[in-house]
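**Student:** Structure for the following, please:
(one chain, ligands or ions: 1)
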Amino acid sequence: MSNRELIRVEDLCKSFGKLQVLKNITESIHEGEVVSIIGPSGSGKSTFLRCLNLLEKPTGGKVFFEGVDLAGKKVNVDKHRQKIGMVFQLFNVFPHLTVLENITLTPILEKKVPAAEAEKQACELLDRVDLLDKKNEYPTKLSGGQKQRLAIVRALAMEPDVVLFDEPTSALDPEMVKEVLDVIKDLAVSGMTIVIVTHEMAFAREVSDRVLFMADGIIQEQGTPDFIFDHAKNPRTIEFLSKVL
Ligand SMILES: Nc1ncnc2c1ncn2[C@@H]1O[C@H](COP(=O)(O)OP(=O)(O)OP(=O)(O)O)[C@@H](O)[C@H]1O
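**Tutor:** Model prediction:
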């Protein structure tokens, strides 16, 4: 992990109508850091994650990516967003494209990567997640775990500086959770900067450099996994962990 701030939010607020979901959050994610966000349902974890790439537009505060204020007047948000990969709970893959086409589409269209080069890179990534033999299949032929591994590869094909995972295993059958977590673990070990909203406490404990505990739209407590899971002081954290561990 380096000292370079990749993402910084200052006084981040988000409301949906009268519902104030995020309340003045100030936080930084550093290059190479693996950060897990845990907390009760409805506490604002996904909304926080989605604000980091402006998928949700904050109602207050600022989001900086590599030092650039993403709401700045002359800023090309799409250009910056290309460097922020995102993997969703419900594997967002294109059903009408083959596995290979799913991966090469955006690099070819948005980064103008030559098709042959995009395919070569896609095959290398598919090999890394053990899906190379599926490259000509359509997603309907894939299991949930395979679809999610494809979604991860699709994000990686854009060579992002950080990958945001929003509960990537919540929609999977239990036997498929491990294969997806293993891919994320490998990515973490490779040095990728990762922010992940997860209900997988064992995973958060094993893989994270830092765990953020969120409740009521506030990061109530944060620290190393050992600190959060063994020495948390905040009564909300203790109450939450007593239910999920
Ligand atoms: N687009 C939206 N419109 C209105 N309300 C929303 C929207 N997105 C989220 N919310 C509300 O914001 C609150 C926080 O939702 P969010 O999904 O961020 O929580 P979460 O901590 O990720 O929950 P979970 O663990 O259940 O996924 C909830 O009350 C939710 O209903």
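**Student:** Show me which parts of the lengthiest helix in the chain are buried, residue by residue.
**Tutor:** Using DSSP state H to define each element, the chain has its longest helix at helix 174-189. Buried residues in helix 174-189, counting neighbours by 16 or more other Cβ atoms under 10 Å, are found at 176-177, 179-181, 183-185, 187-188. (C-beta placed from N, C-alpha, C; glycine too.)
**Student:** Equivalent analysis for stretch 137-155, please.
**Tutor:** By neighbour count, and taking 16+ other Cβ under 10 Å as the criterion, the buried residues in stretch 137-155 are 138-139, 142, 144-155.
**Student:** Among the residues you listed, which are located in helices?
**Tutor:** In this view, those that belong to helices under DSSP H are 144-155.
**Student:** which secondary structure elements does the longest helix of the chain contact?
**Tutor:** Packed against helix 174-189, as judged by 3 or more Cβ pairs under 8 Å, 6 or more residues apart in numbering; DSSP states H and E, are the following elements: helix 144-156, strand 193-197, helix 201-207.
**Student:** Of the ones you listed, which is nearest Lys62?
**Tutor:** Nearest to Lys62, of all the helices and strands packed on helix 174-189, is strand 193-197, at 17.4 Å by Cβ to Cβ.
**Student:** I'd like the next helix or strand past the helix-or-strand element of the chain with minimal mean pLDDT.
**Tutor:** For the chain, counting by mean pLDDT, DSSP states H and E, helix 77-81 ranks last in confidence among helices and strands (a mean of 88). Next in sequence after helix 77-81, counting helices and strands by DSSP states H and E, comes strand 84-87.
**Student:** For the spatially most central residue of the chain, name its beta-bridge partners.
**Tutor:** Of all residues in the chain, the one closest to the mean position by Cα atoms, centre = their mean is Leu164, 1.6 Å from it. Following DSSP bridges, Leu164 is listed with bridge partners Met86, Val195.
**Student:** Of the buried residues of helix 174-189, which is the nearest to the ligand?
**Tutor:** For the buried residues of helix 174-189, the closest approach to the ligand (Cβ to the nearest ligand atom) belongs to Val177, at 16.0 Å.
**Student:** Go ahead and confirm that closest one touches Glu200.
**Tutor:** Yes - using Cβ atoms under 8 Å, Val177 is in contact with Glu200, at 7.2 Å.
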